[in-house]
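K.L.:
How does the following fold in three dimensions:
(2 chains)
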Amino acid sequence: MSIDLETAARVAKLARIRVEEEALPALAAEFNTILGFIEQLEEVDVEGVEPMTSVTPMALRRRDDVVTDGDQQDKILKTAPDAREGFFAVPKVVE
Amino acid sequence: MLDLTFETPKPKVIAGAKHDWELVIGMEIHAQVSSNAKLFSGASTKFGAEPNSNVAFVDAAMPGMLPVINNYCVEQAVRTGLGLKADINLFSAFDRKNYFYPDQPAGYQISQLYHPIVGEGEVIVDMGPGVARRVRIERIHLEQDAGKSIHDMDPNSSFVDLNRAGVALMEIVSRPDIRGPEEAAAYMLKLRQILRYLGTCDGDMQSGNLRADVNVSVCRPGQYEKYQETQDFSHLGTRCEIKNMNSTRFIQQAIEVEARRQIAILEGGGEVDQETRGFDPDRGETRTQRSKEEAHDYRYFPDPDLLPLEIEQDWVDEIAKTLPELPDEKKARFVKVLGLSEYDAGVLTADTVNADYFEEVVATGKDGKLSANWVINELFGRLKKDDKDIEDCPVSPAQLGGIVALIKAGDISGKIAKDLFEIVYTEGGDPAQIVDARGMKQVTDTGAIETAVDEIIAANPDQVEKAKANPKLAGWFVGQVMKATGGKANPKVVNELVAAKLAP
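P.N.:
Just a heads-up that it's a prediction; the model follows:
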């Protein structure tokens, strides 16, 4: 698989990262290097091997259904560029 | 277990300009899980709180915060699966669904694409006595809800409240087994009923705690049967998904207009594009929500913050033991054991509160059918008149059961029973004592009734002549006797005596 300029631009857009037109060829080349490495990994036969999800034999930690958090509107909004009347205020989003 | 047998309803057919079309519908229902805390944080799920006050740092996607799953939400999903007779997957896992929107601060939603917690199940959707559609459930997965955006508070800004962000949702995905707008609405209501019985979702559609995405396609008659035979989707038309509806009325309207839109395209020689659409109830139309270039590419991948969710069969068995009697079983029992009509059983099992009340009435009244009549006609009618819920009902099930028992024993007539009900409803008290204290007992003593009949006949010679010529007029005498005895005479006995005495 090879990444062309159009795909590189699309990936950047999906990630909401601005990439100038002239930077796209370098970005595409970088993607292709990464994919090349992945292709190399794909040569390994992993048939019948279960995917490893953790390096330690751990089970997913679970929590009881108890309210232990919240009530910190000031802290939640503290780093927001704009907040009004307890809400985050963001540039108008029109569907 | 008791089961009612049913026939399959006919699919909805829409006549196009050229020929007939059938509808094929699948639904994805998002049900908010009833829990105290969110799916991956300890923040409260309470509705209507001050904006951004039910938010933990992980809900706001602050750097370095990690999700920790709420065990009760898992239990609720398992309980729902069991209630829909579905397979429970002891191994499930969480994936990230990536997209940007201001009310989703992490830039992704934690969901379960590849390994959902619940597999295949079913819902029986009643479409009238003896008619029901079996809708297959494909899967149920757990996922996070998004926050809420408000667009109308400021001309230049949208306002975001993250209180709902991270609340647990169950997405319940059906197979395309629904065949018309009415069935779609009935499916949603049946699911709501089951979830409420299970206590896993409050089913509050107005608050958005139950909302539906509806997939609609149309096909020529006969094609659907080919699909069911082979499970090959190529026999069906291209579908469109109508997003996010929380009213059964809108769901029905949206399906109808969407189907007609697709039929017009197909009959005009065009092709339906597979896309996401929104329903505008004001204009009565569906509209494309996203253009093709902006089509979502969610780039799902396993969430590296969460290990797979592995649960024990023993735990699932424990949960199974706590399941309540579900609507279908309750309804079947009311029909088969208590002798109710399917219609009455349906009314009484619509909500557990009603069903529980009714069962307590039967416990005292000892007559299922009579109790059902009194609960549905007299009690519900009276409550409706006063705009009251069964929770605020002034008559206890034991009191109503007492009235039913008196009727059944023949102690009071149906007419007196209505008066008695009104007394109990407004004044309270024990029905049997009221009947004794106020002399409301029905007179079945033939001697006493005969005396009353004789008196009426003796006092009305003209009427007697007329009634002898026209037996239909005997009703007048019955009425007079009932009046003279204050409605306490057994009407059957009065009828017989009057008929005998007036016989020419």
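K.L.:
going forward, measure contacts and count neighbours with C-alpha atoms only.
P.N.:
Fine.
K.L.:
Restricting to C-alpha, output the longest helix anywhere in chain B in CSV.
P.N.:
If you go by DSSP state H, chain B has its longest helix at helix B:248-267. Extracted as CSV, the C-alpha positions of helix B:248-267 are listed here (Å, rounded to 0.1, in the frame of the first residue of the first chain):
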residue,chain,number,x,y,z
THR,B,248,-42.3,7.0,17.8
ARG,B,249,-44.5,9.4,15.9
PHE,B,250,-41.5,11.0,14.1
ILE,B,251,-40.0,7.5,13.5
GLN,B,252,-43.2,6.5,11.7
GLN,B,253,-43.4,9.7,9.6
ALA,B,254,-39.7,9.5,8.8
ILE,B,255,-39.8,5.9,7.6
GLU,B,256,-42.9,6.7,5.4
VAL,B,257,-41.4,9.8,3.7
GLU,B,258,-38.0,8.1,3.3
ALA,B,259,-39.5,5.1,1.7
ARG,B,260,-41.5,7.3,-0.7
ARG,B,261,-38.4,9.3,-1.6
GLN,B,262,-36.5,6.1,-2.4
ILE,B,263,-39.3,4.7,-4.5
ALA,B,264,-39.5,7.9,-6.5
ILE,B,265,-35.8,7.7,-7.2
LEU,B,266,-35.9,4.0,-8.2
GLU,B,267,-39.0,4.4,-10.4
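K.L.:
Who are the packing partners of that helix?
P.N.:
Other helices and strands packing on helix B:248-267, by 3 or more Cα pairs under 8 Å, 6 or more residues apart in numbering or on different chains; DSSP states H and E, are helix B:181-198, strand B:210-219, strand B:285-288.
K.L.:
Please identify which of the ones you listed is closest to residue B:431.
P.N.:
helix B:181-198 (32.1 Å; Cα to Cα).
K.L.:
and the closest one, what other elements does it pack with?
P.N.:
Checking 3+ Cα pairs under 8 Å, 6+ apart, helix B:181-198 ends up next to strand B:20-32, helix B:71-83, strand B:121-126, helix B:248-267, helix B:327-336.
K.L.:
how about low-confidence regions in chain B?
P.N.:
B:1-2, B:290-296, B:504 (pLDDT under 70).
K.L.:
near chain A, which residues of it show up?
P.N.:
Counting by Cα under 8 Å from any Cα of the partner chain, chain B comes close to chain A at B:35-37, B:41-44, B:50-57, B:60, B:68-73, B:99, B:102, B:151, B:155-161, B:289, B:297, B:306-310.
K.L.:
hmm, 7 Å instead?
P.N.:
B:35-37, B:42-44, B:51-56, B:68-72, B:156-161, B:306-309 (Cα under 7 Å from any Cα of the partner chain).
K.L.:
taking these one by one, which sit in strands?
P.N.:
B:69, B:70, B:157, B:158, B:159, B:160, B:161, B:309 (DSSP state E).
K.L.:
Looking at neighbours, which among the residues you listed is most surrounded?
P.N.:
Sorting those by how many neighbours each has (other Cα atoms under 10 Å in any protein chain shown) puts residue B:159 first, at 26 neighbours.
K.L.:
Pull the contacting residues for that residue.
P.N.:
Residues counted as contacts of residue B:159 (Cα atoms under 7 Å, 6 or more residues apart in numbering or on different chains) are A:87, A:88, A:89, A:90, B:149, B:150, B:151.
K.L.:
same thing but at 8 Å, please
P.N.:
By Cα atoms under 8 Å, 6 or more residues apart in numbering or on different chains, residue B:159 lies in contact with A:87, A:88, A:89, A:90, B:149, B:150, B:151, B:153.
K.L.:
Could you do residue B:328 as well?
P.N.:
Contacts of residue B:328 by Cα under 8 Å, 6+ apart are B:3, B:124.
K.L.:
Return the distance of it relative to residue B:78.
P.N.:
19 Å (Cα to Cα, to the nearest Å).
K.L.:
what does residue B:247 give?
P.N.:
For residue B:247, the distance to residue B:78 equals 26 Å [Cα to Cα].
K.L.:
ditto for residue B:478
P.N.:
Distance from residue B:478 to residue B:78, by Cα to Cα: 63 Å.
K.L.:
Check residue B:96 too.
P.N.:
Residue B:96 is 21 Å from residue B:78, by Cα to Cα.
K.L.:
Between these two, point out the one with more neighbours.
P.N.:
residue B:78 (26 against 22).
K.L.:
Now for the nearest residue to the more buried one once chain neighbours are set aside, how many residues are close by?
P.N.:
Distances taken as Cα to Cα, 6 or more residues apart in numbering or on different chains put residue B:88 closest to residue B:78, at 6.6 Å, once the chain neighbours are dropped. Using other Cα under 10 Å, residue B:88 has 24 neighbouring residues.
K.L.:
for residue A:84, same thing?
P.N.:
11.
K.L.:
Beta-bridge partners for it, please?
P.N.:
Taking DSSP bridges, one obtains residue A:87 as the residues bridged to residue A:84.
K.L.:
What pLDDT does the model give it?
P.N.:
Looking at residue A:84, its pLDDT stands at 95.
K.L.:
Out of the helices and strands packed on helix B:248-267, which one sits most buried?
P.N.:
Comparing those by mean neighbour count (mean count of other Cα atoms under 10 Å in any protein chain shown), strand B:210-219 ranks first with a mean of 25.
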